[in-house]
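Undergrad: predicted model and sequence follow; I will ask about them next.
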Amino acid sequence: HGSRRSCTNTGRIGEEMARALCQMGGNPHRHRHTCLCFLVRASQLVRQLAEERGPFDAVLGFSQGACVAAMLSALQRNFAPPQPFGLSELPCLWHAAVLVCAVLPQTPRLKALFEPPLPLPSVHIVGQADPLAPQGQALADCFDPRGRRVTIFQGGHGFPQQPDVYRQLAAWLLRTLPPVH
């Protein structure tokens, strides 16, 4: 019972993030508490990892993980204390985002996190046959076009099988990321 209270005391945005993720996976009420606890714990672990070992060159997220990576990127830009999820000021977690078969959060409040577009350099890899491709394209539009690249590959909701996609991604990362000292 005690952990339930701590998991649900995340504020309105945290609850909306969890609801959005749960809706992507099916029944929005059946696993709501599990999704919310997962989201809170995942964001805490990401923050802890970033503080201990970061900042990182880039974040790579697939599907719902790409949605979470995009939302955490937006939160790192948009929020000063108090933070959702019980997070204090977020450090610079990463310098770029690689989002594969991502989806756009569906609630108006979460969509507002991406206004104005995020200035974070990003690559959006979208499967041509992915039923969620329009959402991946919509999420790409939430990032500043000056640093955004969209790659469409032949395939569905999964990682591309074409080696050229990875060669292009590597070249983009080398051009985009700050030099290592």
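TA: Here it is on my side, so go on. Note that the structure is a prediction, hence the values are computed from the model and not measured.
Undergrad: the helices in this structure, which residues?
TA: 2-8, 11-24, 32-53, 64-78, 108-111, 133-140, 163-176 (DSSP state H).
Undergrad: give me the beta-bridge partners of V59?
TA: V59 has the following beta-bridge partners by DSSP bridges: A97.
Undergrad: show me the contacts for it.
TA: V59 is in contact with A69, L72, S73, L93, W94, A96, A97, V98, counting by C-beta atoms under 8 Å, 6 or more residues apart in numbering. Every C-beta, even on glycine, is put in place using the N, C-alpha and C of the backbone.
Undergrad: let's go with 7 Å and repeat that
TA: By C-beta atoms under 7 Å, 6 or more residues apart in numbering, V59 lies in contact with A69, L93, W94, A97.
Undergrad: same question for R148.
TA: For R148, the contacting residues are S122, H124, A140, by C-beta under 7 Å, 6+ apart.
Undergrad: the first one: neighbour count?
TA: When counting by other C-beta atoms under 10 Å, one arrives at 28 neighbours for S122.
Undergrad: next one: the one 10 residues further on
TA: Under the neighbour criterion other C-beta under 10 Å, L132 is assigned a count of 19.
Undergrad: for stretch 111-127, give the mean pLDDT please.
TA: Stretch 111-127 carries an average pLDDT of 90.
Undergrad: what sits up against it?
TA: 71, 73-75, 77-78, 96-102, 104-105, 133, 136-137, 139-140, 142-144, 147-153, 155-158, 160, 165, 169, 172, 176.
Undergrad: now do the end-to-end distance for that stretch.
TA: In stretch 111-127, first residue to last residue: 22 Å (C-alpha to C-alpha, to the nearest Å).
Undergrad: quick one: buried residues of that stretch?
TA: 111, 113-114, 117-118, 120-127 (16 or more other C-beta atoms under 10 Å).
Undergrad: possible to save these as JSON lines with distance to L49?
TA: As requested, the buried residues of stretch 111-127 are exported to JSON lines (distance: C-beta to C-beta, whole Å):
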{"residue": "K111", "distance to L49": "27"}
{"residue": "L113", "distance to L49": "22"}
{"residue": "F114", "distance to L49": "24"}
{"residue": "P117", "distance to L49": "26"}
{"residue": "L118", "distance to L49": "21"}
{"residue": "L120", "distance to L49": "18"}
{"residue": "P121", "distance to L49": "21"}
{"residue": "S122", "distance to L49": "20"}
{"residue": "V123", "distance to L49": "21"}
{"residue": "H124", "distance to L49": "24"}
{"residue": "I125", "distance to L49": "23"}
{"residue": "V126", "distance to L49": "27"}
{"residue": "G127", "distance to L49": "28"}
